[in-house]
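1. fold the following, please.
(one chain, ligands or ions: 2)
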Amino acid sequence: MASDVKNDIKWGIAPIGWRNDDIPSIGADNNLQQLLSDIVVSGFQGTEIGGFFPGPEKLNYELKLRNLQIAGQWFSSFILRDGLDKASEAFEKHCQYLKAVNAPVAVVSEQTYTIQQSDTKNIFTDKAHMTDKEWDELCNGLNHYGEIASKYGIKVAYHHHMGTVVQTKEETDRLMANTDPKLVGLLYDTGHIAVSDGDYMSLLKDHIDRVVHVHFKDVRLAKEKECREKGMTFQQSFLNGMFTVPGDGDLDFKPVFKELVDNNYKGWIVVEAEQDPDKANPLEYALKAHNYIENDLLKEAVH
Ligand SMILES: O=C1C[C@@H](O)[C@H](O)[C@@H](O)C1=O
Ligand SMILES: [Co+2]
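-> Numbers count the residues shown, from 1 in each chain. Ligands and ions are numbered 1, 2, ... in the order given. Alright, predicted model coming up:
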């Protein structure tokens, strides 16, 4: 059965185009009210939580004024570094916050050994790999996160991510194979899998039944090539313009959207494009993304 596109799919845009949690200095003059109002102006229904967001009461108030919703929030998981008890305690607090802001999904990324914030590591070649024992620890831990999240009516969406221990399709396949489908879902991020593996359709097709959340991140392939040739870090790469909003780069979102719709995807698709807000005006790019979704994706899907 195909999705009922208008009712089953919600469209969001992440704060990352306005402000970036990994580089707090960029876009620091974009405050919460500005961000949320830009999201309304550009036509999206919601967003994800940024590191600078306030507590639930203040946030819910600002959201209600604008009829916006929260799709989810990134959780930096340290199961391998901290052990499951400590990591679970932090995750449970995360779920409590998500429940208070009515978010359906916790976006989980294991950050032990990540190089995504490194000032020196080449994001294209220097990622770490887990031992078999660490794989078991991570997968068991994620199942436990799933049990915690379900107490709050929240789903775990595991985010494969450049520079982390779960980056490639092969690694994501292994994670999916060794976690319980009832407890651990997949966040499919077009940009991360395209930069990691080139092929961005196979991951989606192979795990379509596990996808519980989606990030639409476009890639400027010429920029990616330049970043790769120069051996840049993750932050240098996105500040150099490797990512952009859907419709502005070189990925084809039509087959991606078709695959989701044909397989009855129900949930959020969140535009997520980290760039330097001084070079890429966040509202201009949000409008560009919305225009592409309306004119190139939705018109075809609805008719
Ligand atoms: O979902 C994401 C959250 C960000 O913090 C991250 O660095 C970005 O690349 C991403 O895909
Ligand atoms: Co993402």
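2. leaving out chain neighbours, which residue sits closest to Gln73?
-> Excluding the flanking residues, the one nearest Gln73 by CB to CB, 6 or more residues apart in numbering is Ile49, at 3.7 Å. (Glycine included, C-beta is placed from N, CA and C.)
3. show me the shaky parts of the protein.
-> 302-303 (pLDDT under 70).
4. buried ones in the longest helix along it?
-> If you go by DSSP state H, the chain has its longest helix at helix 132-151. Burial within helix 132-151, assessed by neighbour count using 16 or more other CB atoms under 10 Å, is assigned to 134-135, 137-139, 141-146, 148-149.
5. report the contact partners of the residue nearest to Gln73.
-> The contact partners of Ile49, taken as CB atoms under 8 Å, 6 or more residues apart in numbering, are 15, 59, 70, 72-74, 97-98, 101, 103.
6. ranges for the strands of the stretch 201-303 of the chain?
-> 211-216, 218-219, 243-244, 267-271 (DSSP state E, counting those that start in this stretch).
7. what is the nearest of the contacts of Ile49 to ligand 2?
-> Trp74 (8.0 Å; CB to the ion).
8. beta partners for that closest one?
-> Val107 (DSSP bridges).
9. what about it, how many neighbours?
-> A count of nearby residues for Trp74, using other CB atoms under 10 Å, gives 22.
10. so it makes contact with Glu48?
-> Yes - applying CB atoms under 8 Å, one finds Trp74 in contact with Glu48, separated by 7.0 Å.
11. who's in contact with stretch 253-270?
-> Here stretch 253-270 has contacts from 1-3, 5, 8-14, 46-48, 71-72, 104-105, 190, 200-201, 204-205, 208-209, 211-216, 218, 246-247, 292, 296-297, 300-301, using CB under 8 Å, 6+ apart.
12. switch the cut-off to 7 Å
-> For stretch 253-270, contacts defined as CB atoms under 7 Å, 6 or more residues apart in numbering pick out 1-3, 5, 8-14, 48, 71, 190, 201, 204-205, 208, 211-216, 246, 297, 301.
13. quick one on the thing from earlier: against which helices or strands is the longest helix of the chain packed?
-> helix 79-82, helix 84-100, strand 105-110, strand 155-159, strand 184-189 (3 or more CB pairs under 7 Å, 6 or more residues apart in numbering; DSSP states H and E).
14. what residues does this structure put near ligand 2?
-> 189, 215, 272 (CB under 5 Å from the ion).
15. quick one: the helices in the chain, in order.
-> Listed in chain order, the helices of the chain (DSSP H) span 5-8, 32-42, 56-66, 79-82, 84-100, 132-151, 169-177, 190-197, 201-206, 221-229, 234-239, 253-262, 282-292, 299-302.
16. can you list contacts of the second one?
-> Spelled out, that is helix 32-42. With CB under 7 Å, 6+ apart as the criterion, helix 32-42 contacts 13, 15, 18, 47, 52-54, 62, 66, 68, 282-283, 286-287, 290.
17. next up, the contacts around the residue nearest to Tyr97 when sequence neighbours are not counted.
-> With sequence-adjacent residues excluded and distances taken as CB to CB, 6+ apart, Tyr97 is closest to Pro56, at 6.5 Å. Residues counted as contacts of Pro56 (CB under 7 Å, 6+ apart) are 97, 100-101.
18. any idea how far Pro56 lies from Ser76?
-> 20 Å (CB to CB, to the nearest Å).
19. give me the neighbour count for the residue nearest to Ser42 when sequence neighbours are not counted.
-> Of all residues not flanking Ser42 in the chain, Ala286 sits nearest, at 3.7 Å (CB to CB, 6+ apart). By other CB under 10 Å, 23 other residues sit near Ala286.
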